[in-house]
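Peer 1: got a sequence here, can you model it:
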Amino acid sequence: MAYNSINPYNGETLGSFEELDAKQLESTVQAAQRCFEQDWRARSFGERAAVVKRAAALMRERSDELAKLITLEMGKLIAQSAGEVALSAAILDYYADHAESFLAPEPLESTNGKAVVESCPVGVLLGIEPWNYPYYQIARFAAPNLMAGNVVMVKHSSSVPQCALAFAQCLADAGAPEGAYSNLFISKDQISQLIDDPRIRGVALTGSEAAGAVVAARAGEKLKKSTLELGGSDAFIVLDDANLEKAVKSAVAGRMGNSGQACTASKRFIVLDALADQFLEKFQQALGKFSAGDPLDPDTTMAPLSSAQALDNLVEQVERAVASGARVVIGGERIPGEGAFMQPTILTDIDPSNPAYKEEFFGPVALFFRVADEDAAVALANDSPFGLGGTVFTEDIERGKRLARRIDTGMVFINSAAVSKPDLPFGGVKHSGYGRELSCAGIQEFVNKKLIRVA
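Peer 2: A predicted model of the protein is given here:
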(Lines give C-alpha, C1' and ligand atoms only; values in the text may rest on other atoms or scores of the structure.)
Protein backbone atom coordinates (compact mmCIF):
# COMPACT_ATOMS: atom_id res chain seq x y z
CA MET A 1 0.00 0.00 0.00
CA ALA A 2 1.38 3.40 -0.97
CA TYR A 3 1.58 6.42 1.32
CA ASN A 4 -0.67 8.96 -0.42
CA SER A 5 -0.54 12.70 0.16
CA ILE A 6 -4.03 14.13 -0.54
CA ASN A 7 -5.04 17.73 0.04
CA PRO A 8 -8.27 17.63 2.12
CA TYR A 9 -9.26 21.10 0.90
CA ASN A 10 -9.63 20.14 -2.77
CA GLY A 11 -9.03 16.39 -2.95
CA GLU A 12 -5.90 16.80 -5.09
CA THR A 13 -3.32 14.01 -4.87
CA LEU A 14 0.00 15.67 -4.13
CA GLY A 15 2.23 12.63 -4.21
CA SER A 16 2.52 8.91 -3.60
CA PHE A 17 5.31 7.03 -1.86
CA GLU A 18 5.94 3.30 -1.87
CA GLU A 19 6.44 1.25 1.28
CA LEU A 20 9.81 -0.26 2.06
CA ASP A 21 10.23 -3.85 0.99
CA ALA A 22 11.62 -6.47 3.38
CA LYS A 23 15.21 -6.00 2.21
CA GLN A 24 15.06 -2.21 2.52
CA LEU A 25 13.55 -2.42 6.00
CA GLU A 26 16.19 -4.87 7.19
CA SER A 27 18.93 -2.60 5.85
CA THR A 28 17.39 0.35 7.71
CA VAL A 29 17.22 -1.57 11.00
CA GLN A 30 20.83 -2.69 10.58
CA ALA A 31 21.91 0.91 10.04
CA ALA A 32 20.05 2.02 13.17
CA GLN A 33 21.59 -0.73 15.30
CA ARG A 34 25.06 -0.01 13.92
CA CYS A 35 24.65 3.71 14.58
CA PHE A 36 23.64 3.08 18.19
CA GLU A 37 26.39 0.59 18.95
CA GLN A 38 29.26 2.25 17.12
CA ASP A 39 28.49 5.95 17.19
CA TRP A 40 25.54 7.72 18.75
CA ARG A 41 25.54 6.23 22.26
CA ALA A 42 29.24 7.05 22.64
CA ARG A 43 28.87 10.72 21.77
CA SER A 44 28.83 13.27 24.55
CA PHE A 45 25.72 15.27 25.38
CA GLY A 46 27.41 18.27 23.77
CA GLU A 47 28.06 16.42 20.54
CA ARG A 48 24.49 15.16 20.32
CA ALA A 49 23.16 18.60 21.24
CA ALA A 50 25.05 20.22 18.37
CA VAL A 51 23.13 18.05 15.89
CA VAL A 52 19.74 18.49 17.56
CA LYS A 53 20.12 22.26 17.91
CA ARG A 54 21.16 22.54 14.27
CA ALA A 55 18.01 20.64 13.29
CA ALA A 56 15.96 23.13 15.32
CA ALA A 57 17.65 26.03 13.52
CA LEU A 58 16.95 24.43 10.15
CA MET A 59 13.29 24.03 11.04
CA ARG A 60 13.08 27.73 11.76
CA GLU A 61 14.93 28.62 8.56
CA ARG A 62 12.53 26.42 6.58
CA SER A 63 9.44 27.42 8.52
CA ASP A 64 7.41 28.66 5.53
CA GLU A 65 8.11 25.50 3.53
CA LEU A 66 7.47 23.16 6.45
CA ALA A 67 4.25 24.92 7.48
CA LYS A 68 2.89 24.81 3.95
CA LEU A 69 3.43 21.04 3.82
CA ILE A 70 1.31 20.57 6.96
CA THR A 71 -1.51 22.65 5.51
CA LEU A 72 -1.42 20.89 2.17
CA GLU A 73 -1.31 17.38 3.61
CA MET A 74 -3.76 17.56 6.54
CA GLY A 75 -5.50 20.90 6.17
CA LYS A 76 -4.35 22.88 9.19
CA LEU A 77 -4.74 26.67 9.04
CA ILE A 78 -1.44 28.10 7.83
CA ALA A 79 -0.91 30.24 10.93
CA GLN A 80 -1.42 27.20 13.16
CA SER A 81 0.97 25.22 10.95
CA ALA A 82 3.64 27.87 11.44
CA GLY A 83 3.02 27.71 15.19
CA GLU A 84 3.53 23.96 15.12
CA VAL A 85 6.88 24.34 13.37
CA ALA A 86 8.00 26.85 15.99
CA LEU A 87 6.89 24.59 18.86
CA SER A 88 8.67 21.59 17.35
CA ALA A 89 11.91 23.53 17.02
CA ALA A 90 11.53 24.72 20.62
CA ILE A 91 11.21 21.10 21.79
CA LEU A 92 14.43 20.16 19.99
CA ASP A 93 16.23 23.10 21.59
CA TYR A 94 14.79 22.32 25.02
CA TYR A 95 16.18 18.81 25.15
CA ALA A 96 19.48 19.84 23.61
CA ASP A 97 19.84 22.39 26.42
CA HIS A 98 18.59 20.29 29.35
CA ALA A 99 19.19 16.60 28.63
CA GLU A 100 22.54 16.44 30.42
CA SER A 101 21.14 17.87 33.65
CA PHE A 102 17.99 15.74 33.41
CA LEU A 103 20.08 12.58 33.10
CA ALA A 104 22.87 13.49 35.49
CA PRO A 105 24.11 10.64 37.71
CA GLU A 106 22.22 10.39 41.02
CA PRO A 107 24.42 9.57 44.02
CA LEU A 108 22.71 7.39 46.64
CA GLU A 109 23.20 7.43 50.36
CA SER A 110 24.14 3.86 51.25
CA THR A 111 25.59 2.18 54.31
CA ASN A 112 27.13 -0.47 52.07
CA GLY A 113 29.65 1.40 50.00
CA LYS A 114 29.25 4.14 47.44
CA ALA A 115 26.41 3.92 44.94
CA VAL A 116 25.15 5.92 42.01
CA VAL A 117 22.30 5.57 39.52
CA GLU A 118 23.22 6.41 35.95
CA SER A 119 20.78 6.91 33.05
CA CYS A 120 21.94 4.85 30.10
CA PRO A 121 20.41 4.63 26.61
CA VAL A 122 18.63 1.39 25.78
CA GLY A 123 19.03 1.20 22.00
CA VAL A 124 16.80 1.42 18.94
CA LEU A 125 13.28 2.76 19.56
CA LEU A 126 10.20 2.65 17.36
CA GLY A 127 7.77 5.57 17.28
CA ILE A 128 4.33 5.27 15.67
CA GLU A 129 2.91 8.73 15.09
CA PRO A 130 -0.39 10.31 13.91
CA TRP A 131 -1.23 12.91 11.29
CA ASN A 132 -2.80 15.71 13.31
CA TYR A 133 0.48 17.36 14.39
CA PRO A 134 2.97 16.03 11.83
CA TYR A 135 6.14 17.62 13.29
CA TYR A 136 5.22 18.20 16.92
CA GLN A 137 4.33 14.56 17.52
CA ILE A 138 7.69 13.45 16.13
CA ALA A 139 9.69 16.12 17.94
CA ARG A 140 8.42 15.17 21.37
CA PHE A 141 9.42 11.53 20.75
CA ALA A 142 12.66 12.04 18.86
CA ALA A 143 14.26 14.97 20.72
CA PRO A 144 14.49 13.46 24.23
CA ASN A 145 15.46 10.01 23.00
CA LEU A 146 18.16 11.22 20.63
CA MET A 147 19.59 13.35 23.41
CA ALA A 148 19.50 10.37 25.78
CA GLY A 149 21.72 8.46 23.33
CA ASN A 150 19.04 6.24 21.82
CA VAL A 151 18.38 6.09 18.10
CA VAL A 152 14.84 6.34 16.75
CA MET A 153 12.84 4.88 13.91
CA VAL A 154 9.56 6.63 13.10
CA LYS A 155 6.55 5.20 11.30
CA HIS A 156 4.49 8.28 10.50
CA SER A 157 0.87 8.40 9.38
CA SER A 158 0.39 7.38 5.75
CA SER A 159 -1.45 10.65 5.02
CA VAL A 160 1.48 12.99 5.79
CA PRO A 161 4.46 11.44 3.97
CA GLN A 162 5.92 14.73 2.78
CA CYS A 163 5.99 16.07 6.34
CA ALA A 164 7.68 12.85 7.45
CA LEU A 165 10.39 13.24 4.84
CA ALA A 166 10.88 16.94 5.57
CA PHE A 167 11.46 16.33 9.29
CA ALA A 168 13.93 13.53 8.56
CA GLN A 169 15.74 15.80 6.11
CA CYS A 170 16.21 18.49 8.75
CA LEU A 171 18.02 16.00 11.00
CA ALA A 172 20.09 14.61 8.13
CA ASP A 173 21.11 18.12 7.05
CA ALA A 174 21.95 18.91 10.67
CA GLY A 175 24.60 16.18 10.60
CA ALA A 176 22.80 13.24 12.20
CA PRO A 177 24.66 10.07 11.22
CA GLU A 178 22.95 7.39 9.17
CA GLY A 179 20.65 5.40 11.45
CA ALA A 180 20.25 7.98 14.20
CA TYR A 181 16.84 8.97 12.83
CA SER A 182 15.07 6.71 10.34
CA ASN A 183 11.81 7.51 8.58
CA LEU A 184 9.79 4.37 7.80
CA PHE A 185 7.13 4.00 5.14
CA ILE A 186 5.90 0.58 6.26
CA SER A 187 2.72 -1.49 6.61
CA LYS A 188 0.89 -2.68 9.73
CA ASP A 189 2.39 -6.14 9.27
CA GLN A 190 5.86 -4.63 9.15
CA ILE A 191 5.14 -2.68 12.33
CA SER A 192 4.35 -5.97 14.06
CA GLN A 193 7.56 -7.48 12.72
CA LEU A 194 9.57 -4.56 14.08
CA ILE A 195 7.98 -4.78 17.52
CA ASP A 196 8.94 -8.47 17.56
CA ASP A 197 12.51 -7.73 16.41
CA PRO A 198 14.93 -8.07 19.36
CA ARG A 199 16.90 -5.08 18.10
CA ILE A 200 13.93 -2.80 18.87
CA ARG A 201 14.09 -2.03 22.58
CA GLY A 202 11.01 0.14 23.08
CA VAL A 203 7.86 1.38 21.37
CA ALA A 204 6.01 4.70 21.65
CA LEU A 205 2.62 5.26 20.04
CA THR A 206 0.34 8.24 19.72
CA GLY A 207 -2.98 7.25 18.21
CA SER A 208 -6.32 5.58 18.80
CA GLU A 209 -7.41 3.31 21.62
CA ALA A 210 -7.61 0.39 19.22
CA ALA A 211 -4.08 0.92 17.92
CA GLY A 212 -2.80 1.39 21.46
CA ALA A 213 -4.29 -1.89 22.63
CA VAL A 214 -2.68 -3.79 19.74
CA VAL A 215 0.75 -2.19 20.16
CA ALA A 216 0.77 -2.53 23.95
CA ALA A 217 -0.20 -6.21 23.75
CA ARG A 218 2.46 -6.93 21.13
CA ALA A 219 5.18 -5.07 23.03
CA GLY A 220 4.15 -6.68 26.31
CA GLU A 221 4.32 -10.13 24.79
CA LYS A 222 7.93 -9.40 23.87
CA LEU A 223 8.65 -7.83 27.29
CA LYS A 224 9.36 -4.42 25.81
CA LYS A 225 8.69 -1.05 27.36
CA SER A 226 5.97 0.99 25.66
CA THR A 227 4.34 4.37 26.10
CA LEU A 228 0.90 5.27 24.78
CA GLU A 229 -0.74 8.65 24.20
CA LEU A 230 -4.25 7.86 23.06
CA GLY A 231 -7.55 9.67 22.78
CA GLY A 232 -9.22 12.12 25.09
CA SER A 233 -12.61 13.62 25.83
CA ASP A 234 -11.45 16.52 27.95
CA ALA A 235 -13.91 18.22 30.25
CA PHE A 236 -14.10 22.03 30.26
CA ILE A 237 -15.71 22.97 33.58
CA VAL A 238 -17.11 26.47 34.09
CA LEU A 239 -17.86 27.26 37.74
CA ASP A 240 -20.42 29.82 38.87
CA ASP A 241 -17.76 32.44 39.71
CA ALA A 242 -15.94 32.22 36.35
CA ASN A 243 -15.21 35.20 34.11
CA LEU A 244 -17.75 34.40 31.40
CA GLU A 245 -16.09 36.30 28.56
CA LYS A 246 -12.71 34.67 29.17
CA ALA A 247 -14.28 31.25 29.59
CA VAL A 248 -16.12 31.47 26.26
CA LYS A 249 -13.05 32.74 24.44
CA SER A 250 -10.96 29.89 25.82
CA ALA A 251 -13.72 27.36 25.09
CA VAL A 252 -13.78 28.39 21.44
CA ALA A 253 -10.00 28.10 21.16
CA GLY A 254 -10.01 24.79 22.99
CA ARG A 255 -12.66 23.25 20.75
CA MET A 256 -11.81 24.77 17.35
CA GLY A 257 -8.00 24.69 17.31
CA ASN A 258 -6.76 22.34 14.56
CA SER A 259 -10.43 22.03 13.54
CA GLY A 260 -11.02 20.16 16.78
CA GLN A 261 -8.61 17.38 15.78
CA ALA A 262 -6.54 17.19 18.94
CA CYS A 263 -6.44 14.62 21.73
CA THR A 264 -6.38 17.42 24.29
CA ALA A 265 -9.06 19.54 22.65
CA SER A 266 -11.84 20.68 24.97
CA LYS A 267 -14.73 18.38 24.10
CA ARG A 268 -17.23 18.20 26.97
CA PHE A 269 -18.40 21.58 28.27
CA ILE A 270 -19.76 21.24 31.80
CA VAL A 271 -21.26 24.48 33.11
CA LEU A 272 -22.90 25.22 36.46
CA ASP A 273 -26.56 26.24 36.23
CA ALA A 274 -25.87 29.83 37.29
CA LEU A 275 -23.94 30.50 34.04
CA ALA A 276 -25.18 27.72 31.76
CA ASP A 277 -27.68 29.71 29.67
CA GLN A 278 -25.36 32.68 29.22
CA PHE A 279 -22.39 30.50 28.36
CA LEU A 280 -24.32 28.45 25.81
CA GLU A 281 -25.69 31.56 24.09
CA LYS A 282 -22.26 33.20 23.79
CA PHE A 283 -20.57 29.94 22.82
CA GLN A 284 -23.11 29.36 20.07
CA GLN A 285 -22.68 32.90 18.76
CA ALA A 286 -18.90 32.54 18.66
CA LEU A 287 -18.94 29.20 16.83
CA GLY A 288 -21.38 30.62 14.29
CA LYS A 289 -18.81 33.18 13.17
CA PHE A 290 -16.36 30.63 11.74
CA SER A 291 -16.01 30.67 7.98
CA ALA A 292 -14.69 27.74 5.94
CA GLY A 293 -12.13 28.39 3.24
CA ASP A 294 -8.68 27.70 1.85
CA PRO A 295 -6.42 26.96 4.85
CA LEU A 296 -3.49 28.56 3.01
CA ASP A 297 -5.40 31.87 3.06
CA PRO A 298 -4.48 33.78 6.25
CA ASP A 299 -8.03 35.18 6.41
CA THR A 300 -9.67 31.74 6.61
CA THR A 301 -10.95 30.96 10.11
CA MET A 302 -12.03 27.36 9.64
CA ALA A 303 -9.99 24.60 8.01
CA PRO A 304 -11.21 21.28 6.64
CA LEU A 305 -10.88 18.01 8.50
CA SER A 306 -7.90 15.89 7.59
CA SER A 307 -9.68 13.72 5.02
CA ALA A 308 -13.02 12.91 3.44
CA GLN A 309 -13.12 9.75 5.53
CA ALA A 310 -12.61 11.71 8.74
CA LEU A 311 -15.57 13.92 7.77
CA ASP A 312 -17.77 10.92 6.98
CA ASN A 313 -16.92 9.34 10.34
CA LEU A 314 -17.73 12.51 12.27
CA VAL A 315 -21.04 13.10 10.49
CA GLU A 316 -22.09 9.51 11.19
CA GLN A 317 -21.12 9.94 14.83
CA VAL A 318 -23.28 13.07 15.17
CA GLU A 319 -26.20 11.38 13.43
CA ARG A 320 -25.93 8.43 15.83
CA ALA A 321 -25.90 10.77 18.81
CA VAL A 322 -29.01 12.58 17.58
CA ALA A 323 -30.81 9.32 16.88
CA SER A 324 -30.10 8.38 20.51
CA GLY A 325 -31.68 11.55 21.88
CA ALA A 326 -29.12 14.35 21.60
CA ARG A 327 -30.31 17.76 20.47
CA VAL A 328 -28.41 19.88 17.94
CA VAL A 329 -27.99 23.46 19.15
CA ILE A 330 -25.99 24.57 16.12
CA GLY A 331 -24.48 22.85 13.09
CA GLY A 332 -24.59 19.08 12.91
CA GLU A 333 -23.92 18.62 9.20
CA ARG A 334 -21.15 18.69 6.62
CA ILE A 335 -20.67 21.95 4.75
CA PRO A 336 -21.73 21.49 1.10
CA GLY A 337 -19.17 21.93 -1.64
CA GLU A 338 -15.52 21.14 -2.06
CA GLY A 339 -13.39 20.20 0.91
CA ALA A 340 -13.81 18.01 4.00
CA PHE A 341 -15.63 20.67 6.06
CA MET A 342 -17.88 20.07 9.07
CA GLN A 343 -20.14 22.74 10.53
CA PRO A 344 -19.15 23.87 14.04
CA THR A 345 -21.58 21.87 16.14
CA ILE A 346 -22.97 21.87 19.68
CA LEU A 347 -24.89 18.86 21.00
CA THR A 348 -26.81 18.84 24.27
CA ASP A 349 -29.36 16.65 26.11
CA ILE A 350 -26.89 13.77 26.10
CA ASP A 351 -27.71 11.16 28.72
CA PRO A 352 -25.49 8.23 29.79
CA SER A 353 -27.35 5.80 27.50
CA ASN A 354 -26.32 7.80 24.43
CA PRO A 355 -23.13 6.43 22.81
CA ALA A 356 -21.91 10.03 22.49
CA TYR A 357 -21.67 10.21 26.29
CA LYS A 358 -18.55 8.00 26.29
CA GLU A 359 -17.10 8.76 22.85
CA GLU A 360 -14.41 11.09 21.61
CA PHE A 361 -15.47 13.51 18.85
CA PHE A 362 -12.39 14.28 16.73
CA GLY A 363 -13.55 17.43 15.02
CA PRO A 364 -15.48 20.67 15.65
CA VAL A 365 -18.27 19.09 17.74
CA ALA A 366 -18.85 20.24 21.33
CA LEU A 367 -20.94 18.38 23.90
CA PHE A 368 -22.74 20.68 26.35
CA PHE A 369 -23.87 19.69 29.85
CA ARG A 370 -25.39 21.75 32.66
CA VAL A 371 -24.92 20.68 36.28
CA ALA A 372 -26.13 21.87 39.69
CA ASP A 373 -22.83 22.23 41.53
CA GLU A 374 -19.12 21.53 41.46
CA ASP A 375 -19.50 18.02 42.87
CA ALA A 376 -21.76 17.13 39.96
CA ALA A 377 -19.26 18.73 37.57
CA VAL A 378 -16.41 16.59 38.89
CA ALA A 379 -18.53 13.44 38.81
CA LEU A 380 -19.49 14.08 35.18
CA ALA A 381 -15.93 14.93 34.20
CA ASN A 382 -14.70 11.64 35.68
CA ASP A 383 -17.51 9.59 34.13
CA SER A 384 -15.48 8.91 31.02
CA PRO A 385 -13.20 6.13 29.83
CA PHE A 386 -10.61 8.78 29.00
CA GLY A 387 -8.28 10.66 31.29
CA LEU A 388 -6.00 12.93 29.29
CA GLY A 389 -6.58 16.59 30.16
CA GLY A 390 -9.20 19.01 31.40
CA THR A 391 -9.96 22.62 32.28
CA VAL A 392 -11.49 24.42 35.24
CA PHE A 393 -12.59 28.06 34.91
CA THR A 394 -12.99 29.98 38.17
CA GLU A 395 -11.94 33.28 39.71
CA ASP A 396 -10.99 31.41 42.91
CA ILE A 397 -7.66 29.76 42.10
CA GLU A 398 -7.56 27.67 45.28
CA ARG A 399 -11.05 26.38 44.47
CA GLY A 400 -9.82 25.52 41.00
CA LYS A 401 -6.85 23.60 42.42
CA ARG A 402 -9.11 21.63 44.73
CA LEU A 403 -11.26 20.56 41.81
CA ALA A 404 -8.21 19.81 39.67
CA ARG A 405 -6.99 17.33 42.28
CA ARG A 406 -10.32 15.48 42.08
CA ILE A 407 -10.33 15.15 38.28
CA ASP A 408 -8.93 11.82 37.07
CA THR A 409 -6.67 12.96 34.24
CA GLY A 410 -3.00 13.36 33.53
CA MET A 411 -3.30 17.14 33.11
CA VAL A 412 -5.63 19.90 34.34
CA PHE A 413 -5.46 23.54 33.26
CA ILE A 414 -6.98 26.31 35.35
CA ASN A 415 -8.43 29.24 33.41
CA SER A 416 -7.13 28.06 30.02
CA ALA A 417 -7.73 25.30 27.55
CA ALA A 418 -4.97 22.72 27.25
CA VAL A 419 -1.58 24.04 26.15
CA SER A 420 1.61 22.22 25.22
CA LYS A 421 5.05 23.55 26.08
CA PRO A 422 8.42 21.79 26.11
CA ASP A 423 8.70 22.02 29.90
CA LEU A 424 5.18 20.74 30.72
CA PRO A 425 4.71 16.95 31.03
CA PHE A 426 2.17 15.51 28.61
CA GLY A 427 0.20 12.29 29.07
CA GLY A 428 -2.87 10.68 30.56
CA VAL A 429 -4.45 7.83 32.47
CA LYS A 430 -7.24 5.29 31.88
CA HIS A 431 -7.95 4.77 28.17
CA SER A 432 -5.87 7.83 27.34
CA GLY A 433 -2.73 5.75 27.79
CA TYR A 434 0.35 5.72 30.00
CA GLY A 435 3.77 7.26 30.14
CA ARG A 436 4.77 10.88 29.69
CA GLU A 437 6.32 13.02 27.00
CA LEU A 438 7.96 16.46 27.24
CA SER A 439 9.59 18.03 30.32
CA CYS A 440 12.07 16.10 32.45
CA ALA A 441 9.58 13.22 32.55
CA GLY A 442 9.72 12.66 28.80
CA ILE A 443 13.40 11.83 28.70
CA GLN A 444 13.13 9.30 31.53
CA GLU A 445 10.84 6.83 29.75
CA PHE A 446 13.41 4.98 27.64
CA VAL A 447 16.59 4.99 29.69
CA ASN A 448 18.10 2.27 31.84
CA LYS A 449 18.36 3.47 35.43
CA LYS A 450 21.55 1.55 36.10
CA LEU A 451 22.85 1.10 39.64
CA ILE A 452 26.61 1.18 40.02
CA ARG A 453 27.85 0.31 43.51
CA VAL A 454 31.38 0.24 44.80
CA ALA A 455 31.89 -2.07 47.80
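
Peer 1: what ranges do the helices span in the protein?
Peer 2: Taking DSSP state H as the criterion, the chain carries its helices at 22-38, 45-61, 63-74, 78-102, 136-148, 161-173, 188-196, 209-221, 244-256, 273-287, 308-323, 374-382, 397-406, 439-442.

Peer 1: relative to S159, how far out is the closest residue in space to D241 that isn't next to it in sequence?
Peer 2: Sequence neighbours aside, E395 is the residue nearest to D241 in space, at 4.8 Å (criterion: Cβ to Cβ, 6 or more residues apart in numbering). Where you see a C-beta, it was placed from the backbone N, CA and C, and this is true even at glycine. Shown here: E395 relative to S159, a distance of 43 Å by Cβ to Cβ, to the nearest Å.

Peer 1: those two: who's more crowded?
Peer 2: Neighbours around E395 and S159, counted as other Cβ atoms under 10 Å, are more numerous at S159. The numbers are 21 against 13.

Peer 1: tell me the contacts of that one?
Peer 2: For S159, the residues meeting the contact criterion (Cβ atoms under 8 Å, 6 or more residues apart in numbering) are Y3, N4, S5, I6, E73, M74, W131, S306, S307.

Peer 1: farthest-separated two in those residues?
Peer 2: When those are compared pair by pair using Cβ to Cβ, the two farthest from each other are Y3 and S306, 14.4 Å apart.

Peer 1: who's more crowded, the two?
Peer 2: S306 (26 against 20).

Peer 1: so that one touches N132, yeah?
Peer 2: Yes. Under the criterion of Cβ atoms under 8 Å, S306 lies in contact with N132, with a separation of 6.8 Å.

Peer 1: overlap of the contact sets of these two?
Peer 2: Listed contacts common to S306 and N132 are M74, Q261; contacts here mean Cβ under 8 Å, 6+ apart.

Peer 1: ok, S16 - how many residues close by?
Peer 2: By other Cβ under 10 Å, the residues close to S16 number 11.

Peer 1: the one 4 residues further on now?
Peer 2: Residues lying near L20 (other Cβ under 10 Å) number 17.

Peer 1: report pLDDT for the nearest residue to S324 once chain neighbours are set aside.
Peer 2: Nearest-residue entry for S324: N354, 4.2 Å, with adjacent residues in sequence omitted and distances by Cβ to Cβ, 6+ apart. According to the predicted model, the pLDDT of N354 comes to 98.

Peer 1: got a list of what N354 touches?
Peer 2: Taking Cβ under 8 Å, 6+ apart, one finds A321, S324, G325, A326 in contact with N354.

Peer 1: just checking, the residue nearest to D241 touches L244?
Peer 2: No. When contacts are counted by Cβ under 8 Å, E395 is not listed as touching L244 (10.6 Å).

Peer 1: quick one on the thing from earlier: as TSV, the contacts of S159 with distance to F361 and pLDDT would be great.
Peer 2: Conversion of the contacts of S159 to TSV gives the following (distance: Cβ to Cβ, whole Å; pLDDT from 0 to 100):
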residue	distance to F361	pLDDT
Y3	27	95
N4	26	94
S5	26	96
I6	23	96
E73	22	98
M74	18	98
W131	17	97
S306	14	97
S307	16	96
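
Peer 1: returning to what we had before: and the helices of the chain, which is most packed in?
Peer 2: Mean neighbour count, computed with mean count of other Cβ atoms under 10 Å, is highest for helix 136-148 among the helices of the chain, reaching a mean of 27.

Peer 1: and it, what does it pack onto?
Peer 2: Counting contacts by 3 or more Cβ pairs under 8 Å, 6 or more residues apart in numbering; DSSP states H and E, helix 136-148 packs against helix 45-61, helix 78-102, strand 124-128, strand 151-155, helix 161-173, strand 200-206.
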